[in-house]
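> A structural model of the following input is requested.
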Amino acid sequence: MAIEAWFMEENDEDQRLPHHRNPKQFVSLDHLADLGVLYWKLNPKDYENDQELKEIRESRGYNYMDLLDLCPERVENYEEKLKNFYTEHIHGDEEIRYCLEGSGYFDVRDKEDRWIRIWIKEGDMIVLPAGIYHRFTLDTGNYVKLMRLFVGEPVWTAYNRPQEHHPARKNYINNFTHKVGVPLEAH
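Okay, the predicted model is just below:
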């Protein structure tokens, strides 16, 4: 089963709830790809020996990896950290996350500045492009084990919105928010 994503209803309810609009408005993988979000479904039970993961890491240069367990029992100041993850921000590099256990939500802004909620579960690997506005939260299960991948040494610096003059944001705008090419004339 492919990843689930939808346009969010913005309200002040618990951030860990799905926040579907009424009626629900799902978002396709193609729509996510248009925003620069990449997705793979992998085997989280055997990630150490997964040939597809190895090929992705090699082709994209992801040479650093670590694991992160997020849950109230394992993270000091859990509620505060979750609140920080949920602050809208960008990064200067891609954000690559592979869900090995549990589940959570990545929210990304689309070209019209609407929130799209992406529900990651076991086996889902996503790449958020540098410069995309996003945030993260757990769902009501309150647990996720993520593999974090990086090109080179891990850099995880969040730049909170607004960041319109940040080089990564400018590059993102140029690559993913403008139409490319011109319409062909009818013959």
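> Any buried residues in the lowest-mean-pLDDT helix or strand in the chain, and which?
Sorting the helices and strands of the chain by mean pLDDT, DSSP states H and E puts helix 78-85 at the bottom, at a mean of 89. The neighbour-count check on helix 78-85 (16 or more other C-beta atoms under 10 Å) flags Leu82, Phe85 as buried. C-beta: built from backbone N, CA, C; applies to glycine.
> ditto for stretch 52-63
So for stretch 52-63, counting by 16+ other C-beta under 10 Å, buried means Leu53, Ile56, Arg57, Tyr62.
> Excluding residues flanking it in the chain, which one is nearest the first one?
Distances taken as C-beta to C-beta, 6 or more residues apart in numbering put Leu42 closest to Leu53, at 5.5 Å, once the chain neighbours are dropped.
> Now do the SS call for Arg117.
strand (DSSP: H, G, I helix; E, B strand; the rest coil).
> got it, and Ala33?
Reducing the assignment at Ala33 to three states with three-state DSSP gives helix.
> quick thing: my sequence starts at 137, can you match it?
Fine by me, first position is 137 from now on; the one you just mentioned is Ala169.
> Now it: closest residue in space that isn't a chain neighbour?
That would be Tyr175: by C-beta to C-beta, 6+ apart, it lies 7.9 Å from Ala169.
> Pretty sure Ile139 sits against Leu165.
Yes: using C-beta atoms under 8 Å, Ile139 is in contact with Leu165, at 7.1 Å.
> neighbour-wise, which of these two wins?
Neighbour count, other C-beta atoms under 10 Å: between Ile139 and Leu165, Ile139 has more, with 21 against 13.
> one step back: other residues contacting the least confident helix or strand of the chain?
Here helix 214-221 makes contact (C-beta atoms under 8 Å, 6 or more residues apart in numbering) with Gln151, Leu206, Cys207, Pro208, Val211, Arg271, Phe272, Thr273, Leu274, Ala294.
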